[in-house]
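Undergrad: take this sequence and fold it.
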Amino acid sequence: MRIYKVGGAVRDRLLGRPVTDIDWVVVGATTEDMLAKGFRPVGADFPVFLHPKSGEEYALARTERKSGRGYGGFTFHASPEVTLEEDLIRRDLTINAMAEDDQQNLTDPYHGQRDLEARLLRHVSPAFAEDPLRVLRVARFAARYAALGFTVAPETLDLMRQLSESGELQALTAERIWKEISRALMEDQPQVFIEVLRACGALNVLMPEVDALFGVPQPQAHHPEIDTGAHTLSVLEQAARHKQPLTVRWACLLHDLGKGLTPEEEWPRHIAHEFKGLKLIKAVNERFKAPRDCQELALLVGEYHTHGHRALELKPSTLLELLQSFDVYRRPQRFEEFIAACEMDARGRKGLEERSYPQADYLRGAATAARSVAVQPLLEKGFKGPELGEAIKRERLKALKAYKETASS
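TA: Okay, the predicted model is just below:
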């Protein structure tokens, strides 16, 4: 029995990056051997065991063969005869197909270290094209390591393009796709994930609504970058730069989908794109079964982001409607995330990345003013039921009028 550290732990150590998760592969052992040493079996698809003390996962060396469509369409074979090299060749990228023993002696049959130095994301073997999930994984790695200068090897991009055209991506479950998308959006350069998916044709398959934004012009006065797709990537880049949570990043990606529906004869204006985009945002949300908080914020940002930009001009009644839509009284955090998404949208424009966004503090102040209205005095006056609701609304409107006068003086 020989045990090796494999995959990401080896890759990140060689890159000088923090090693978080460690994967182990065991060569020359049987299930019985592992059980005898106190390992606990997990998983029904292939032999994986938990270490009796550390709880880390140890997998028996295995080979795999394509047997169906999608991510799960494989049969696995694990036995003591499977070599380390045979186990490594089934992996996706050369930089993930390295192993080291307890003395840090490197086993690198597919030249992963060379590709690390060349900053290339290259597939290990033609079997790469058997697993459609790898299209998303490679795009995610491109986003993670973009700052280090990594790019996708042209021949790997060709295979990703073949996979995108094959129909295999449609065989992936919503849950698997969302897991990759959500992880990629939380990388340091999530816009690269979208760029790579677009370069290999996968974006048009998975999110045609986002793909449709590229080549659609916007008014240059507000958008010096002009192209709506380029703007969306910049907004996503700003969201990562400002360490925004997943909810905000997802909303940033989808906020302008309505612009993809504007007839060419109306370009570069996009009248009512906020409302038109809602059905598209809803469709993307449902396609990937995005978490509820991501779905809700994306829809609200899509509908109201221009309200955010025009906050200082809004009438008190419009401001009140905005606050009511977000339920700022019970869900203040969601409104804070809306403000963040609006600010990222304002900063995601060529040459305007550093500009101030006074609308943010103004909106926060408006929410505070509306929340400051006390209900108890109204109850004491005898208001109840629908009448109480109307009385509260009137008092909040008064508070917002006073706030607007004070803020503009």
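
Undergrad: out of everything not next to it in sequence, what's closest to the residue positioned nearest the centre of the chain?
TA: Among the residues of the chain, the one closest to the centroid is Leu185, at 2.6 Å (C-alpha atoms, centre = their mean). Leaving aside its sequence neighbours, Leu185 sits nearest to Arg249 (C-beta to C-beta, 6 or more residues apart in numbering; 4.5 Å). Every residue, glycine included, has its C-beta placed from N, CA and C.

Undergrad: touching, that neighbour and Ala240? I think so.
TA: Yes - Arg249 is within contact range of Ala240, at 7.0 Å (criterion: C-beta atoms under 8 Å).

Undergrad: who has more neighbours, the two?
TA: Arg249 (25 against 20; other C-beta atoms under 10 Å).

Undergrad: who touches that one in this structure?
TA: Residues in contact with Arg249 (C-beta atoms under 8 Å, 6 or more residues apart in numbering) are Leu185, Met186, Pro190, Leu236, Ala239, Ala240.

Undergrad: which SSE is the fifth one in?
TA: By that I understand Ala239. Under DSSP states H and E, the secondary-structure element containing Ala239 is helix 228-241.

Undergrad: helices and strands around that helix, which ones?
TA: Helices and strands touching helix 228-241, as assessed by 3 or more C-beta pairs under 8 Å, 6 or more residues apart in numbering; DSSP states H and E, comprise helix 190-199, helix 208-211, helix 246-254, helix 332-347.

Undergrad: can you check the pLDDT for Ile339?
TA: Here, the pLDDT recorded for Ile339 equals 98.

Undergrad: enumerate every residue touching Phe76.
TA: Contacts were defined as C-beta under 8 Å, 6+ apart; by that measure Phe76 touches Asp45, Phe46, Arg62, Thr63, Glu64.

Undergrad: quick check: it is in a strand.
TA: Yes - the assignment for Phe76 by DSSP: H, G, I helix; E, B strand; the rest coil puts it in a strand.

Undergrad: that one and Tyr4, how far apart?
TA: As judged by C-beta to C-beta, to the nearest Å, Phe76 and Tyr4 stand 18 Å apart.

Undergrad: coming back round to it: okay, the contacts of Arg249 in TSV with pLDDT and distance to Ala153 next?
TA: Compiled in TSV, these are given as follows (pLDDT from 0 to 100; distance: C-beta to C-beta, whole Å):
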residue	pLDDT	distance to Ala153
Leu185	98	24
Met186	98	25
Pro190	98	21
Leu236	98	24
Ala239	98	28
Ala240	98	24
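
Undergrad: closest one of those to Ala290?
TA: Leu185 (10.7 Å; C-beta to C-beta).
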